[in-house]
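Enquirer: attaching a predicted model along with its sequence, questions to come.
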2 protein chains.
Amino acid sequence: MYRTHTCGELRLSDAGKEVTLAGWVQRARKMGGMTFVDLRDRYGITQLVFNEEKDASLCEQANHLGREFVIQVKGIVSERSNKNKNIPTGEIEIVVDALTVLNTALTPPFTIEDNTDGGDDLRMKYRYLDLRRSVVRRNLELRHRMTMEVRRYLDSKGFLEIETPMLVGSTPEGARDFVVPSRMNPGQFYALPQSPQTLKQLLMVSGMDRYFQIVKCFRDEDLRADRQPEFTQIDCEMSFVTQEDIIETFEGMAKHLFKELRGVELTEPFLRMPWADAMKYYGSDKPDLRFGMKFVELMDILKGHGFSVFDNAAYIGGICAQGAAHYTRKQLDQLTEFVKRPQIGAKGMVYARVEADGNVKSSVDKFYTQDVLQQLKGAFDAQPGDLILILSGDDAMKTRKQLSELRLEMGNQLGLRDKNKFACLWVVDFPMFEWSDEEGRLMAMHHPFTHPKDEDIPLLDTDPAAVRADAYDMVVNGVEVGGGSIRIHDSQLQEKMFEILGFTPERAQEQFGFLMNAFKYGAPPHGGLAYGLDRWVSLFAGLDSIRDCIAFPKNNSGRDVMLDAPAALEQKQLDELCLAVMQKEK
Amino acid sequence: MYRTHTCGELRLSDAGKEVTLAGWVQRARKMGGMTFVDLRDRYGITQLVFNEEKDASLCEQANHLGREFVIQVKGIVSERSNKNKNIPTGEIEIVVDALTVLNTALTPPFTIEDNTDGGDDLRMKYRYLDLRRSVVRRNLELRHRMTMEVRRYLDSKGFLEIETPMLVGSTPEGARDFVVPSRMNPGQFYALPQSPQTLKQLLMVSGMDRYFQIVKCFRDEDLRADRQPEFTQIDCEMSFVTQEDIIETFEGMAKHLFKELRGVELTEPFLRMPWADAMKYYGSDKPDLRFGMKFVELMDILKGHGFSVFDNAAYIGGICAQGAAHYTRKQLDQLTEFVKRPQIGAKGMVYARVEADGNVKSSVDKFYTQDVLQQLKGAFDAQPGDLILILSGDDAMKTRKQLSELRLEMGNQLGLRDKNKFACLWVVDFPMFEWSDEEGRLMAMHHPFTHPKDEDIPLLDTDPAAVRADAYDMVVNGVEVGGGSIRIHDSQLQEKMFEILGFTPERAQEQFGFLMNAFKYGAPPHGGLAYGLDRWVSLFAGLDSIRDCIAFPKNNSGRDVMLDAPAALEQKQLDELCLAVMQKEK
């Protein structure tokens, strides 16, 4: 070892010891006849001191150390006269009597500090330097601790971690696959798994009983801010269970993680909200319940008073922002602009202030009497100082989603989305199908293996769109951190499901024959769940994006700018794979 | 839950309890007025009993249960009159009073027993049924326990598990990559990592200090019996360490695994053998030290006596098989055929028996006096009853490898390779380079990032082939279970290495610029090791192949016959990727 101790472990009780440290030069400063160097490693920072009077040539050497040089020093642990209470090693320093430069360093392109001067692109290109910053490193440390705790918990519950293959078959249903040409089978391709869904179901057929895996999954989608082409899933499946058993097991895991990693004890059972209620009251299947502003539907109160926008609406609904009546005209105009942005798409916004005297003053006063406005106030149980914001539209679901965006924005503006507060719930009773305008058919809302609620099975023949599923999502602070379902274990019901989803029997057999076949050999009732590891880590780390909890993330074009990947292949490689690259049509 | 207990947990002390079990019908048999069903799950087998007298219709139902039906039963735990001492639940049975068939099953294509009647191909196609066999399932349970213990050990030593990307850049140096076309970057490809080698080195540059990852790696090679296109590595790297520190850390891990998983306490330090000695004495860089038969070189004794085969040889060497003098002429002829097989390639074999009276009788007696033969006996310290086997050739290294095969074969024949005995060692001081006839240049024996021994660095300019590396392999029972090296952390030395390996500076920059660039910003001294997880599990499980410790392995053509992957893509998928499949040239 190049060291006897790390840069994070020496304390006043070690004073007098001769030690050897190694690490990076965080900074060096000359003060009178002394040179002070902050030496950094993963574990902390320790101050080194070089005394010109004691050893002029050693001190001279120290004066030539640049930022990020890698050095090794030998010296005596001594009490500091000028103690730094902010760091654990702040009471001591090392009086150095030998210095070795292990490696020099060019000046880094940005400062290695918590608040760096490096922009995103530069940080990504030099990610190995960005990772030296403790704010980034701490996310990876948290990620490590989280996976350790997940495994500890699941192992204690009898789960086996079983690796499923990365080179599987392509499934055109669902999102787009990344594919891998096979040299040994020319013209044929593997796919990288979007999730081990069918394989974990096969493991249940094989009697593994309780499976989990922390596993890379792949989706070739056009990337949004919070998506990565490869992401990590905590993937779980259990046999002989009902929805209740799964919720209990994984709520237990969530509580374990909150306790071990954030010191938060969640003693109450998580709220369970049917999907229909989540949409009705929050306009979202992943409501942020750190704050209220529950939707109130206002058709009864506001329709039929001559305000044509509302009179023609299929839905009128609003939220009450407590204490926001002080919002200025300018702020309200900005909110109106916010909901009118194309990504949200509302036509306009109506507001009403509850004034100090209890009177209500609205932007559509000419259509409504104070009497009606008082009914409005009553519907929200609004108090003096509150602000009511109302949207309407000709499609209830779309308008609810717009109102949801407005609610979240108000939550942000009013500081109600505290990153150190956690609101967890299960959204349950998802619809089995959703209509796709693009495909002109029903699509599986979760996936085609989801079990319908027993009591809704008769509706499969008469009104499939009304069928609810044994499916559930866990939502924390408005983020879907995981979800799953009870699966179909009956090959006939599975065949029927494929039929409703528009598969011909041949196509179903071709794509999922291995699974339906397996079900014929004794499949147990089973179900499971997948948690998004990246989402959990970013939630616990208080990050806005998953990118900073991933060691080497890709940018929005799916590129690794550090490695400069992807890149062109050599012709020899293409030839071996029997592939040719075609010109893209313009 | 569909059960109150598993099929492995009820004992005599539970007698009288009402329980619910669920599982698979292992077998059912009718005896007089009783029907006995063995109910199986992952945890064990419990006997169910149905009494015709008590409930004729229930018993009739039980009589119709087929093998592998999935059932749920309710009943009372009772003491068995006819106890089965071979299974933990053998003292009890469940007297059933309710039976639900959860799923029926077709008759499986092979028996779900430890000794199945299914051939390899059938077992792979129905792998989900094969995995129901406890001999296969136990391998996956062992694999789970091993990864848990690896993580526990490394976590306790301060290692962080950090995920590196699966979509990286292609590196034509080394083995062949699997590649992944990028739709968002048409004509460009990612590669799947052969190992996270360069990325873990970057993590050291970033100060992570101690990294590990249990990670899938990929190599597109023509498959041999014990290779898979995707395999799992326990990948580790440490900073500020010497070879000694790495060996100590990972020898500690090996001992931990032996103790926790096999109950074997290895208290002595593992033997360290220089690569040159391993080749000289065992003809292999992974000698199986469960038995002796160390090579003895015989040039001095056997050359120059008129036997032209030996007189013209560049190498003559032999082994002594203790107590094998009873080998018949036929057995010796078979050994000669064995070494003459094209895969081994020896020209012939000479043998000499030490007879009861101490005289030596050889197959080349006419060339050698008893005096010389006694010298031969003395060189091996051979005793009456021993058999000496001798090979010669005009290339010392090739002949040693032939002799190594003969040694292993004799070990097998004499029962010296006991799967429950473990001989561990480190092979150290590997050569830095090996000559490739195919490429007509020196190639890196480990990889181009390996650090030469400090004392051999001057030889890089004068005699690179003589340079030894700070590289080490761990070998157990003749299997290389892992290996690694101290890495170069100096960008100039790294550049020199690429030069010796025949890279132009431009090509080195193009392929490894990101790494050499990173080294300029303060790289610490570092090194590491990778263990093959599949190899470790198969070693501990006593398997001959890694295939049965993998849940869903591929066959020798790289196919998953269960999933029927790889397969052709739809034209739409190819178009999106701007790819065309070319006809393979015949």
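Expert: Received, thanks.
Enquirer: what sits up against stretch A:409-421?
Expert: A:288, A:290-291, A:293, A:319, A:321-324, A:335, A:338, A:389, A:408, A:477-478, A:542 (Cβ atoms under 8 Å, 6 or more residues apart in numbering or on different chains). C-beta here means a position set from N, CA and C on the backbone, and glycine is covered the same way.
Enquirer: of these, keep whichever come out buried.
Expert: Burial by neighbour count, judged by 16 or more other Cβ atoms under 10 Å in any protein chain shown, picks out A:288, A:290-291, A:293, A:319, A:321-322, A:324, A:335, A:338, A:389, A:408, A:477-478 from the contacts of stretch A:409-421.
Enquirer: just those now: which is nearest B:Arg80?
Expert: In terms of Cβ to Cβ, no member of the buried ones among the contacts of stretch A:409-421 lies closer to B:Arg80 than A:Asn477, at 54.8 Å.
Enquirer: ok, the closest one - contacts?
Expert: So A:Asn477 contacts A:Asp288, A:Arg290, A:Arg417, A:Lys419, A:Lys421, A:Phe422, A:Ala423, A:Leu539 (Cβ under 8 Å, 6+ apart).
Enquirer: now it: how far from A:Asn420?
Expert: Per Cβ to Cβ, to the nearest Å, A:Asn477 is found 10 Å from A:Asn420.
Enquirer: ok, A:Val215 next?
Expert: Applying Cβ to Cβ to A:Val215 and A:Asn420 gives a distance of 30 Å.
Enquirer: of these two, which one has the most company?
Expert: A:Val215 (23 against 7; other Cβ atoms under 10 Å in any protein chain shown).
Enquirer: tell me which helix or strand the more buried one sits in.
Expert: strand A:210-218 (DSSP states H and E).
Enquirer: what is that strand packed up against?
Expert: If contacts are counted by 3 or more Cβ pairs under 8 Å, 6 or more residues apart in numbering or on different chains; DSSP states H and E, strand A:210-218 sits against helix A:134-156, strand A:160-161, helix A:197-205, strand A:230-239.
Enquirer: can you lay out the ones you listed as a markdown table showing mean neighbour count, distance to B:Gly33 and mean pLDDT?
Expert: What follows is the helices and strands packed on strand A:210-218, written out as a markdown table (neighbours: other Cβ atoms under 10 Å in any protein chain shown; distance: least, Cβ to Cβ, whole Å; pLDDT from 0 to 100):
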| stretch | mean neighbour count | distance to B:Gly33 | mean pLDDT |
| --- | --- | --- | --- |
| helix A:134-156 | 19 | 44 | 97 |
| strand A:160-161 | 22 | 40 | 98 |
| helix A:197-205 | 25 | 34 | 97 |
| strand A:230-239 | 24 | 33 | 98 |
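Enquirer: coming back round to it: between the contacts of A:Asn477, which sits nearest chain B?
Expert: A:Leu539 (17.5 Å; Cβ to the nearest Cβ).
Enquirer: what does the helix or strand harbouring that closest one contact?
Expert: For A:Leu539, the element it lies in under DSSP H and E is helix A:533-541. With Cβ under 8 Å, 6+ apart as the test, helix A:533-541 has contacts from A:138-139, A:142-143, A:146-147, A:214, A:228, A:231-234, A:257, A:261-262, A:476-477, A:479-481, A:543-546, A:548-550.
Enquirer: try stretch A:367-380
Expert: By Cβ under 8 Å, 6+ apart, the list of residues contacting stretch A:367-380 reads A:296, A:298, A:301-302, A:305-307, A:318, A:320, A:352, A:354, A:358-360, A:362, A:365, A:382, A:386, A:388.
Enquirer: just these: which are in helices?
Expert: Counted as lying in helices by DSSP state H, out of the contacts of stretch A:367-380, are A:Ile301, A:Leu302.
Enquirer: which SS class is the residue of the stretch 301-450 of chain A found nearest chain B?
Expert: Nearest residue of the stretch 301-450 of chain A to chain B, counting by Cβ to the nearest Cβ: A:Glu439, 13.8 Å away. Assigned with DSSP: H, G, I helix; E, B strand; the rest coil, A:Glu439 falls in the coil class.
Enquirer: low pLDDT regions in chain A?
Expert: A:172-173, A:224-225, A:584-586 (pLDDT under 70).
Enquirer: about what we covered before: same list (the helices and strands packed on strand A:210-218) but as JSON lines, adding distance to chain B.
Expert: JSON lines is the format used below for the helices and strands packed on strand A:210-218 (distance: least, Cβ to the nearest Cβ, whole Å):
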{"stretch": "helix A:134-156", "distance to chain B": "4"}
{"stretch": "strand A:160-161", "distance to chain B": "4"}
{"stretch": "helix A:197-205", "distance to chain B": "4"}
{"stretch": "strand A:230-239", "distance to chain B": "5"}
